[in-house]
Each structure stands twice: as structure tokens, then as C-alpha cells.
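> Dropping the sequence and predicted coords here.
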Amino acid sequence: MADDADKKRKFWAFSLVGIMLIISLWYYRVNPIYMYIIAYAWFGFAYGILLQWGRFCFASAWRDLFAIGVTRMFVGIMVAMGVFSIIMAVLAANQLSTFHPGPLGLHELIGGLIFGLGMVLAGGCASGTLYKTGEGNGTSMLALLAISFSQAIFVDAQGWFDKLLRGYIFPQPKITIDQYFSFMGSAKYFWANSVINTIIPTLIFLSLAYWFVARKSIVKRIIEKKAAALPADGGDVKLGLKDELYGFWQMITASKRTTLAGILIGLIAGIHVMTMQSLRDKFGIENFGQALVKLGFVEEVSRRGTVFDPGYWYITTQEAQIGAWVLEKFGWNMKDNIFFGVMNGIPEPWHNPALLMSIGIILGAAAIALLNKEFKFKAPTKELAVWGILGGILMGLGARIALGCNIGAFYIRVAGGDPGGWLFFLGMGGGALASVKFLNWWTERQLKSEDFDIDIEIE
Amino acid sequence: MKVKKLEDGVYQLDVKGYVCPHPQLYTMKTLQKLKSGDVLEVLFDNPSSEESITALCDKEGHEIIEKRSDGGTFVYRIKKA
């Protein structure tokens, strides 16, 4: 029986890869330029595999730090960002980067705060929601729907997002740190964007996480080990800088799977940027909207003739687009706003570059979860459905205000040299702390209402 | 979420169906209420909680005496430090 179930899982895992391959070939047969959007789908597939295998969720970085005092994921994302920033610097120095900074302002902090509130409630960040959907998690599927529709409605309703864009966000400066280091030549990308904007803050955050969260238990073990090695007549155990550095390293390597996933995600994200720029050069386009116009799909692009085509890993805008695409089928005019009408367009899902990447993430996560016997469809309970939908709505609102999520507004921005990414990260932390406090209260309440038949005192 | 006593000093926490952070949060809170040496069997089906629960036990010094998984459900037996 168990063997049959294993065979079925393997069959479905390899079938997903087969389906991706067949669809890719079919796209190529229709027109070779579709290789451009198929590349997005395969990079999505790779992200999905790594996110699921590494249990790589940005929500858990802040949340597990506050909720259970675990630094595992906090370390993982810092490592991923450090690696990615070095690759981004090399690509920028060789004019192979597709990166563009976002407007720098308080909207990033506020958006991050709202997003952080939502990601803890929903049980995953924007990318986490996708890979957990691939694991068969019904709560994440609801969160995904909520992210998609909340964004679409938010940017279209009453025109007030247009006012926010025109009145506050667009006038803000767009900067990368390398702008201030032009005297360094090409080396400015490495020293300014990677070292100053990414690696140094990353080391500061890691040191703070070590000192305030991880150190206590690690030092306890070091002291126990040293005390055991002392002669029988005793003596004092002293801790030096060497012990602290050893402890810091212990924190970094505590979860090898997460740290390795961080390194691999950083590498793949870098190769992704390089590939998309190379494909743009090959096909002579700067945005896939130009290709769609040439092919006659004028209705699908924005008034500028573009579609959302970031050239790198991104999550939420394409989810807004699919939400808008569905709402248009119900008669809504979704193009009478800046976000869809002027900036991103609403391409058909099969023409949407970034959406194919998101589908790739779900399929990649499903394939690896099936292979590792971790795929299981989990229908959400009423309680989790409420948290999933509420969390998804908040993530959608936060992502729009900040013009991105944990990937587009934080991970990519910071590694590309845009200091605004850190504002989003700090906002996420504030929101996560508030939601953790709420969930602490909620779970305690649930434990108290549980009809214990054990002799445990509930405090 | 269900907590029950399996035998003296052995308890079971069933958090199947829950997503992050509930499994790790309930595991931490239940372990806090047990005595040193007691065993807690945690049933969960959220793969991401696997690494977080392992890291939590490592940090607190609890010993994971058994890890099993089948068809997407994980069973961890944890001995409280």
C-alpha cells in the first residue's frame, strides 16, 4: 500500500515536470519569443523547489524570532540577501542587471507594517503563501485569493490609490547607494550596493539576533562544555571573543538546510536577473509588452504599451493582475487607474510573464513536496480561513502601498542597493511583532478552552 | 488542536491542519506546562513547522527522541529538558 502511494506521488511529481516541458515546447512552437515568458516559469519552478525544501518563508524570520525565540529563518534570509547582493553587483557592473529602485519614502515602512501584520496571521509571506499552496495548504490558497483580489480592488476603488501614487509616492526620489560612489568606477556596485547597503546591515541584524535571542542558549552550552573540561578542583569558566564568534557561527549553521537554501536562492535569483536581461537583448525588447503589441495583443498592455515584466523575482503585482483579470470578466473596468491602465496592463494569464513565474513556484513546490512525501491537501478550518483571508487582505494592501512585498519591496530592493528595502523590512518586523502578540493571546485562550484531561496547570 | 494524556508522563499534542505559526507556538506552550523528563508527542502536517520545532527544541535543550513522517503527517516525540 505504502509503495503504491509512493509510486503515485512520484508519478505526479514527474508529471508536473513533464507538463511544464510540454507547455514550454508548445509555447516555443507558437512563437520563439514566448521563450521569454517560459524562462520566468522555469525560474519560478526553481524558486518553488528551494522555498519548499528550505521551508523558506520570510514571515517566519520575524515571527519565529518573536514567537518562539528561533533565529533559523532570520539567518536564512540574511544569507540569501548577502549572496544575492554580490551577484547583483557583478551583474550591474557588467550592464546585465534589470534592477530598478523604488520611490524611497515612508510608504515603504507603513506598507511593510501592514504586510507584516498580515503575513503572520495568514501563516506565510507572499512567496511563502505560494509554496505552501503547492504543498496543498488550503489556508494559503485562501490567503492567495485574498492577496489577489484585495490588491485589484484597492488600486481601482474610488481612485484614491491613484491620488496616493501621484500625490506622495511618485515624487519620492529613487536612489541606489552606488549613486554616491561614482568615483569608484564599476567597483561602486560592490562596495556601495553590496557591502554598505546589504552586507553591513545584514551583519548588524544578525549580531542583534545573536545577542538578544540566540546567545543565551548557545552560551549556556559553551559554558557547560567548558565546565566539564575543567579540573576537579574547579576554577572559573570565562567567555572570550573567540567563544562569542563561535556562538555566532553556531547560530548561522544551526539549520544547515535553511542556510543552504538561502545561498541557492541567492544564486538562482542572480542567474534569473542575468537571464532576463540576456533574453531582452536577444529579442530586442525592454518589456514584454512590446512583444505583445507586435503580436497584435494591444488590449492586454497598458497605455504605455507595457505589461508587468520586472526582470527578476517578484510576487504580488502579478497576483493583483489575475485578480483584476477575473473582475474584468464580471464587467468591472479595471484599466481606469494608474496601476493597471498606465503601468502594468492586464495581460491574459497565459501571456503574463510574472504570473507564469508564480504558477511555476506553486508547481515546483508541489513537485518537491510530492517527492518528499510532504504533499497533503489540508482544507482550512473556520478559524484558519478567517486568519488566512484577513492576513491575505492585509498583505495585499501593504504590498500595494509599499509597491512590493517581502520579495519585490525588500529582498530585491536591498540587494540591488535601494535602502528603502530596509524600511519595508523594519515595517514588516513591527507588524509581525503586533500579530505575534495577538496570536500569543489567541493560542493561550485556545489552550485554556481545551478540555484537558491532563494535570497541567494553565497559567 | 487537541492535547491528551497517553500515559503517565507522556502527552500528545495534535495540531494537524494548522499552519505556521500555530504548530510551533502550541508545541512551545505545551512543553512549558510539562515537567522535566515528560514526553510530548506532537502530530502536525505543516512541513514548515518541522524545522522551526527542531530549532526550538535545540535552543531549549529538549531532546527529540523520535521523528516519523508519512503522507505529509509528521510525528515528533520530544523529551522535555
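Thanks, I have it.

> Identify each buried residue in stretch A:164-181, please.
Residues of stretch A:164-181 classed as buried: A:164-165, A:169, A:175-178, A:181 (neighbour count, 16 or more other C-beta atoms under 10 Å in any protein chain shown). For every residue, glycine as well, the C-beta is placed using N, CA and C.

> okay if I get those residues as a markdown table plus distance to residue A:431, pLDDT and secondary structure?
A markdown table is the format used below for the buried residues of stretch A:164-181 (distance: C-beta to C-beta, whole Å; pLDDT from 0 to 100; DSSP: H, G, I helix; E, B strand; the rest coil):
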| residue | distance to residue A:431 | pLDDT | secondary structure |
| --- | --- | --- | --- |
| A:164 | 19 | 95 | helix |
| A:165 | 22 | 96 | helix |
| A:169 | 19 | 96 | helix |
| A:175 | 25 | 96 | coil |
| A:176 | 26 | 97 | coil |
| A:177 | 26 | 97 | helix |
| A:178 | 30 | 96 | helix |
| A:181 | 33 | 95 | helix |
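
> Mind putting those into JSON lines with distance to residue A:335?
As requested, those are exported to JSON lines (distance: C-beta to C-beta, whole Å):
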{"residue": "A:164", "distance to residue A:335": "18"}
{"residue": "A:165", "distance to residue A:335": "15"}
{"residue": "A:169", "distance to residue A:335": "20"}
{"residue": "A:175", "distance to residue A:335": "31"}
{"residue": "A:176", "distance to residue A:335": "31"}
{"residue": "A:177", "distance to residue A:335": "36"}
{"residue": "A:178", "distance to residue A:335": "36"}
{"residue": "A:181", "distance to residue A:335": "41"}
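
> Kindly indicate which of these lies nearest residue A:360.
Closest approach between these and residue A:360, by C-beta to C-beta: residue A:176, at 28.1 Å.

> how about the closest residue to the closest one other than its chain neighbours, secondary structure?
Of all residues beyond its chain neighbours, the one nearest residue A:176 is residue A:417 (3.6 Å), with distances taken as C-beta to C-beta, 6 or more residues apart in numbering or on different chains. With DSSP: H, G, I helix; E, B strand; the rest coil as the basis, residue A:417 sits in coil.

> In this structure residue A:417 contacts residue A:180, no?
No - with contacts counted by C-beta atoms under 8 Å, residue A:417 stays clear of residue A:180, the gap being 10.3 Å.

> any common contacting residues for the two?
Both residue A:417 and residue A:180 are contacted by residue A:192, under the criterion C-beta atoms under 8 Å, 6 or more residues apart in numbering or on different chains.

> Which residues are in contact with the residue of chain B found nearest chain A?
At 2.8 Å from chain A, residue B:72 is the closest residue in chain B, using C-beta to the nearest C-beta. Applying C-beta under 8 Å, 6+ apart, we find residue B:72 in contact with A:135-136, A:369, A:373-376, B:45, B:47.

> which of these are buried?
Neighbour-count burial (16+ other C-beta under 10 Å) is assigned, among the contacts of residue B:72, to A:135-136, A:369, A:373-376, B:45, B:47.

> Just put those residues in JSON lines and tack on secondary structure, pLDDT and distance to residue B:28.
Shown next, in JSON lines, are these (DSSP: H, G, I helix; E, B strand; the rest coil; pLDDT from 0 to 100; distance: C-beta to C-beta, whole Å):
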{"residue": "A:135", "secondary structure": "coil", "pLDDT": "95", "distance to residue B:28": "22"}
{"residue": "A:136", "secondary structure": "coil", "pLDDT": "94", "distance to residue B:28": "25"}
{"residue": "A:369", "secondary structure": "helix", "pLDDT": "95", "distance to residue B:28": "25"}
{"residue": "A:373", "secondary structure": "coil", "pLDDT": "91", "distance to residue B:28": "26"}
{"residue": "A:374", "secondary structure": "coil", "pLDDT": "91", "distance to residue B:28": "22"}
{"residue": "A:375", "secondary structure": "coil", "pLDDT": "93", "distance to residue B:28": "26"}
{"residue": "A:376", "secondary structure": "coil", "pLDDT": "90", "distance to residue B:28": "23"}
{"residue": "B:45", "secondary structure": "coil", "pLDDT": "92", "distance to residue B:28": "18"}
{"residue": "B:47", "secondary structure": "coil", "pLDDT": "90", "distance to residue B:28": "18"}
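
> which of the residues you listed lies closest to residue A:404?
residue A:135 (24.2 Å).

> And the contacts of whichever strand or helix holds residue A:127?
Using DSSP states H and E, residue A:127 sits in helix A:126-134. Residues from elsewhere that reach helix A:126-134 (C-beta under 8 Å, 6+ apart): A:47-48, A:51-52, A:56-60, A:119, A:122-124, A:139-141, A:143-144, A:147, A:315-316, A:319, A:358, A:361-367, A:369, A:392, A:395, A:399, A:405-407, B:19-20, B:48.

> now those: which count as buried?
A:47-48, A:51-52, A:56-60, A:119, A:122-124, A:139-141, A:143-144, A:147, A:315-316, A:319, A:358, A:361-367, A:369, A:392, A:395, A:399, A:405-407, B:19-20, B:48.

> now, which of those lie within helices?
A:47-48, A:51-52, A:58-60, A:119, A:122, A:139-141, A:143-144, A:147, A:316, A:319, A:358, A:361-367, A:369, A:392, A:395, A:399, B:48 (DSSP state H).

> tell me, how many neighbours does residue A:98 end up with?
By other C-beta atoms under 10 Å in any protein chain shown, 20 other residues sit near residue A:98.

> that older thread, can you pull the phi/psi pair for the residue of chain B closest to chain A?
phi 90, psi 0 (degrees, to the nearest 10).
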